[in-house]
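S.K.: My questions are about this predicted structure, shown below with the sequence.
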There are 2 protein chains.
Amino acid sequence: MPLIDRRHLSFVLDEVLDAKSILQLPAFATFDRDSVEQILDAAEKLAITEFLPSYQLLDADDARMENGRVALPAEIGRALNAFREQGFFRMAADAEHGGLGLPRLIANAAFLWFQAANISIANYAMLTQSAAELLAQHATPAQMQRYLLPLVEGRFLGTMALSEPHAGSSLGDITTTAKPLSDGRYAIRGAKMWISGGEHDMGENIVHLMLARIEGAPSGTKGISLFIVPRKRLDEEDKLTIWNNVTLTSLNHKMGQRGTVNTALSLGEGGETIGEIVGAPGQGLACMFTMMNEARIGVSMGAVAHASAAYQHALGYARERLQGRHPDNKDPASPQVALIAHADVRRMLLLQKAAAEGGIALALYLAKLADLKKAAATPGERNDAGLLLDLLTPVFKAWMSEECLTANSNAMQVLGGAGYTRDHPVEQHYRDNRLNPIHEGTNGIQAIDLLGRKVGMAEGRGLELLLAEIERTSNRASQHPQLASQSAALDAACVALGSITKHLAGVRRTDGPRASLAKASMYMDLFGTITFAWIWLAQAVEAAASCPSEPGPELDFRLGLLQTCTFVFERNLPRYRQLLEPLLSPDDPVLAMRDEWFGPAS
Amino acid sequence: MPLIDRRHLSFVLDEVLDAKSILQLPAFATFDRDSVEQILDAAEKLAITEFLPSYQLLDADDARMENGRVALPAEIGRALNAFREQGFFRMAADAEHGGLGLPRLIANAAFLWFQAANISIANYAMLTQSAAELLAQHATPAQMQRYLLPLVEGRFLGTMALSEPHAGSSLGDITTTAKPLSDGRYAIRGAKMWISGGEHDMGENIVHLMLARIEGAPSGTKGISLFIVPRKRLDEEDKLTIWNNVTLTSLNHKMGQRGTVNTALSLGEGGETIGEIVGAPGQGLACMFTMMNEARIGVSMGAVAHASAAYQHALGYARERLQGRHPDNKDPASPQVALIAHADVRRMLLLQKAAAEGGIALALYLAKLADLKKAAATPGERNDAGLLLDLLTPVFKAWMSEECLTANSNAMQVLGGAGYTRDHPVEQHYRDNRLNPIHEGTNGIQAIDLLGRKVGMAEGRGLELLLAEIERTSNRASQHPQLASQSAALDAACVALGSITKHLAGVRRTDGPRASLAKASMYMDLFGTITFAWIWLAQAVEAAASCPSEPGPELDFRLGLLQTCTFVFERNLPRYRQLLEPLLSPDDPVLAMRDEWFGPAS
């Protein structure tokens, strides 16, 4: 079984997102559609030969701590070596930093294969590429030479070192300190928690991008600065020298994604831990957001990849496994039908197809926005793409990761008892995927980011742009008789989204952010539900536009997309309507609930 | 932290379900409210001292197969011994069968503690008690002597042996055969799959209640008979003799509930496997349904117990863990607030409180129906209680297990990254609980059972009774100003349920069961959503009826129930509205979807 439907991936690239328009931008002119196809071929092949085989193996044995070091299965390093040798670490970085300069649209499409095959290994690459992106935007030329180039080559691996034992979501409360040294560098002291890939022997070095407070800095987020803290120090000729006293204190044992070692680290214990500042003092969190936004998209791409891989597995199983008969067949001697013949199994498969293929389309739409933000012809276009990307990042991260988890739960359900066992990978996809609504900012925090910051940014221009984009799709859909009712339904939903957004802005003005943000998760659900319906209608419009008249796989492919869109508009989009009343209600039952009403103190 | 809020449990027993009315029935007259309290005390204590400590331990090491035997941690046997010694195996069985003859209302309330503490151990007891119930209803006096009594005492443990490798949900396709022997017993040959507790050394014997076909029986379910197949044979004096050739062929390695060993067995290989028939030939499935219905309720009680245990854990964590500040507090030097102060955390806790406490109330309502079915004063009352119980069993099994799984997911989310690690039990609750929508008939099958059989049974009298019960609650609620709008909302929902039920019966008549049953899962969602809102309104009515005027824990307790009910009616009940349109739609997108549209064959 495939991990991702390649026909659908090409359809999204070529028809839905018009990849050619991106490849024609001067920044990406060295690539054409053929070279893109070769890259996708290579990614698929490498993912299947080097990443996939150890998927279950990495889950069986958790990473162990041995004499302060991390013992990881050799399969991870071997896969990353192959990934490095074939140049995949370099995909998206600019040529000036040693990268291939691929559009994100293509780089991310290729990366989905690795996430679908083995998320635990792909995470090391995702963090490394996000770290590189941060340094590309904020580091000094000397730092780029020392750290960015090896990250782009995949010789060094990156981490994001933000959380601390007492400060997970609340980064303003971190206490790790940075004391200026005479040479402009800093001595870092403190403890970090939840650091993925925080200690291991793969690659030549680890580059921790770490938040800390310079002594005397103000409290809160304004006092946070960003530091490069390498595992091994570099000398003045950029040669690796001694260990930088980044000490592994413990490992976190997770429900899934076990091959991605998750660590607690201490800094500056038993010897100096030296860091170099990135960006200006006090600008740490702003710089870090470059990496966090990358990682947020990467996280939900992982969710989408899980949805796709498990869907394909469940689909294959449902087509092969014979079980039961149609309810109108009372002849017990007649042959059994395949699971896929049962209406409820079909429903569960449709739900998964919707999540996986809608998720892939949305993931790559965001990637295209990143390309346009960087390389579109005019500053206006670049700015607009950036606003849309900022707006949609929390939506993609939170809403899509939830929907893809639901998809994975349905994949298990299709397999029944077999799906609950380790004989099939779907239970692992489900466990692995459960992390995605939690890390890189919980989905609750994404909702607050969306409603509290993103929607109001630039006087709401991001949302205006999105609604205009949706309107364009809807107008095109209204030309197709079979999509006209969906166009109307989406229009109505957008009107509701607009008025709810205005209403909540009013609540914020009159009652303060506490009252408005209590609605944030419902608002996220509203926003995501509509965005998801839109990306499906955008796919349906293209599917309908080029439907062949003769039967065959191509017609089946397009009718499948159209039918899935119908399913989304019947079963999924209407969810938004039940949200409107509670979103408008001034008496929020959540805010009215008191601590002592939940139950006696223990 | 408690596993279950004892105050709430008492409230459900005394005020919502009027336990006194059950204890006053002649069948249960040996118990009074004080003795019930002692039993609940003992259950809570035993669950915490003997079941809870090994909860995570049993998860860490999967059962292993050693020389054809199962190696299980000793903690399971020790806990079951204590359970046996304190008489808990005997709780619900009749006195004539060696039981205590407790009402199910009380026995199930007590059993929830064991399920909340350690589901993997509780399962052995649940299966044994369900097997005993089956034999109490269908076995001969001699079989009762030989098998039922030791099951009631907990000396023998029971299993249900239905599925086969090629026949999971489709029991009509089982092929295990039973060949009559000269002494009236049968030689069983075949293979069974997914048998929980199918092989181990605990207790003196294992009693498999096994479905098989007597040679020459018709195909399909009509040809299925039920057999007692002991692990060790009994001689004519009921002494254990030799092994009965029930061979362990493999173990299933599950995502959760790992302490409940799950086996594949072969029968009659290398020697005779002897079984005794229970009930008449061809009546096997009908007899088995006694046990299956018990187990379905037991399964969803497990889901409810997980929801409760994880909720209590998340609540304790949310009250202790300091993180962040309110969004209107811009002073980073101010102290952090507890997680529970954040609106979104509060929402997630409310959702869990609703599932856990609504689930407990519904579970015990079903237990009360079982008591009334057995022991109510008049045949009419007994019949009505039976119809209501039959109707609600699939709803409780399917809808409640889904809702409680969602609750567990929210428990993890409250803990954030910590919830995803094995440092807290919530990730295990989530994994353990994921089985409940699958086993004992997948939730899809429960939906078909509800719409295809239960709703139409006895000319729809079960549904009439339920709607009348809901109406009584609603009328009482309408007397309380604060509950009047909820009463009206529930009335409207019931009207919709009635008309959808009629509509689908019409679809079945005109278009056949395939068309109507394609809507089964949505119908289940509709039915469950309304049932859940009702059980909450029933709790709110009692909470409001006896609200003290002075502040204190009792007022807090009741206001908490009222507020949770408000939450359910704002956030949960309105879900049903989005279901109406697709339930009524003649063009079902699921039925219209074709196999080849899902994607290319692999």
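M.R.: Cool, the structure landed.
S.K.: Next, the contact list for the residue of the stretch 51-200 of chain A found nearest chain B, please.
M.R.: For the stretch 51-200 of chain A and chain B, the shortest gap (Cβ to the nearest Cβ) falls at residue A:170, measuring 4.0 Å. Backbone N, C-alpha and C define where each C-beta goes, glycine included. By Cβ atoms under 8 Å, 6 or more residues apart in numbering or on different chains, residue A:170 lies in contact with B:323-325, B:336.
S.K.: Secondary structure added to these, as CSV?
M.R.: Formatted as CSV, the contacts of residue A:170 follow (DSSP: H, G, I helix; E, B strand; the rest coil):
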residue, secondary structure
B:323, coil
B:324, coil
B:325, coil
B:336, coil
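S.K.: TSV please, covering those and showing pLDDT.
M.R.: Below are these laid out as TSV (pLDDT from 0 to 100):
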residue	pLDDT
B:323	96
B:324	95
B:325	96
B:336	95
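S.K.: picking that back up, quick one, grab the pLDDT at the residue of the stretch 51-200 of chain A closest to chain B.
M.R.: Note for residue A:170: predicted pLDDT of 93.
S.K.: Then residue A:592?
M.R.: 96.
S.K.: Repeat that for residue A:63.
M.R.: 86.
S.K.: what's it in contact with, if anything?
M.R.: Applying Cβ under 8 Å, 6+ apart, the residues near residue A:63 are A:70-72, A:251, A:258-259, A:261.
S.K.: List buried residues within those residues.
M.R.: For the contacts of residue A:63, a burial check counting by 16 or more other Cβ atoms under 10 Å in any protein chain shown picks out A:70, A:72, A:251, A:258-259, A:261.
S.K.: For residue B:437, state which of those is nearest.
M.R.: residue A:258 (24.5 Å; Cβ to Cβ).
S.K.: ok, that closest one to residue A:78 distance?
M.R.: Between residue A:258 and residue A:78 the computed distance is 17 Å (Cβ to Cβ, to the nearest Å).
S.K.: Of all residues in the stretch 1-150 of chain A, which one is closest to chain B?
M.R.: Counting by Cβ to the nearest Cβ, the stretch 1-150 of chain A gets nearest chain B through residue A:1, at 4.2 Å.
S.K.: My read is that that residue contacts residue A:319, right?
M.R.: No - assessed by Cβ atoms under 8 Å, residue A:1 is found out of contact with residue A:319, at 9.8 Å.
S.K.: what about those two, which has more around it?
M.R.: With neighbours defined as other Cβ atoms under 10 Å in any protein chain shown, residue A:1 and residue A:319 compare such that residue A:319 has more, 19 against 14.
S.K.: how much space between that one and residue B:596?
M.R.: Counting by Cβ to Cβ, the gap from residue A:319 to residue B:596 is 10 Å.
S.K.: do residue A:325 as well
M.R.: 21 Å.
S.K.: More neighbours: which of these two?
M.R.: Using other Cβ under 10 Å as the criterion, residue A:325 and residue B:596 rank with residue A:325 on top: 20 against 17.
S.K.: so that one touches residue A:337, yeah?
M.R.: Yes - applying Cβ under 8 Å, one finds residue A:325 in contact with residue A:337, separated by 5.9 Å.
S.K.: still on that earlier bit, quickly name whichever of the contacts of residue A:63 is closest to residue B:235.
M.R.: Looking across those and measuring by Cβ to Cβ, the closest to residue B:235 is residue A:258, at 51.2 Å.
S.K.: got the contact list for the closest one?
M.R.: So residue A:258 contacts A:58-59, A:61-63, A:120 (Cβ under 8 Å, 6+ apart).
S.K.: What's the PyMOL line that selects buried ones from those?
M.R.: Buried residues among the contacts of residue A:258 (16+ other Cβ under 10 Å), as a PyMOL selection:
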select buried, chain A and resi 58+59+63+120
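S.K.: Find the nearest non-adjacent residue to the residue in the stretch 101-250 of chain A that chain B sits nearest to, please.
M.R.: Of all residues in the stretch 101-250 of chain A, residue A:220 sits closest to chain B, at 2.4 Å by Cβ to the nearest Cβ. Take residue A:220 and drop its neighbours on the chain: the residue closest to it by Cβ to Cβ, 6 or more residues apart in numbering or on different chains is residue B:332, 2.4 Å away.
S.K.: residue contacts, the one you found?
M.R.: A:172-173, A:218-222, B:325.
S.K.: how about the strands in chain A?
M.R.: For chain A, applying DSSP state E gives strands covering A:64-66, A:69-71, A:156-161, A:177-180, A:186-196, A:205-214, A:224-230, A:232-234, A:240-243, A:246-251, A:262-267, A:273-278.
S.K.: where does chain A have low pLDDT?
M.R.: For chain A, no stretch is flagged by pLDDT under 70.
S.K.: got the residues of the stretch 201-350 of chain A near chain B?
M.R.: Neighbours of chain B within the stretch 201-350 of chain A, by Cβ under 8 Å from any Cβ of the partner chain: A:218-222, A:252-256, A:312, A:315-316, A:319, A:322-328, A:332-333, A:336, A:338, A:340-350.
S.K.: Check those for burial and list the buried ones.
M.R.: So, by 16+ other Cβ under 10 Å, the buried ones in those are A:220-221, A:252, A:254-256, A:312, A:315-316, A:319, A:323-325, A:327, A:332, A:336, A:338, A:340-350.
S.K.: among those, which are in helices?
M.R.: Using DSSP state H, the subset of these located in helices is A:312, A:315-316, A:319, A:343-350.
S.K.: Max pairwise distance over those: which two?
M.R.: Pairwise across those, and taking Cβ to Cβ, the largest span is found between A:312 and A:343, at 20.9 Å.
S.K.: and the gap between residue A:37 and residue B:513?
M.R.: Counting by Cβ to Cβ, the gap from residue A:37 to residue B:513 is 48 Å.
S.K.: what sits against residue A:424?
M.R.: Contacts of residue A:424 by Cβ under 8 Å, 6+ apart are A:313, A:317, A:415, A:418.
S.K.: and which of those is nearest to chain B?
M.R.: residue A:418 (7.9 Å).
S.K.: Now do the phi/psi pair for the residue lying closest to that closest one once chain neighbours are set aside.
M.R.: Closest residue in space to residue A:418, ignoring its immediate chain neighbours: residue A:424 at 5.9 Å, by Cβ to Cβ, 6+ apart. Main-chain torsions, residue A:424, degrees, to the nearest 10: phi -130, psi 150.
S.K.: do you know how far residue A:424 is from chain B?
M.R.: 11 Å (Cβ to the nearest Cβ, to the nearest Å).
S.K.: if I look at that residue, how far off is residue A:408?
M.R.: Applying Cβ to Cβ to residue A:424 and residue A:408 gives a distance of 12 Å.
S.K.: Could you do residue A:598 as well?
M.R.: For residue A:598, the distance to residue A:408 - Cβ to Cβ - is 30 Å.
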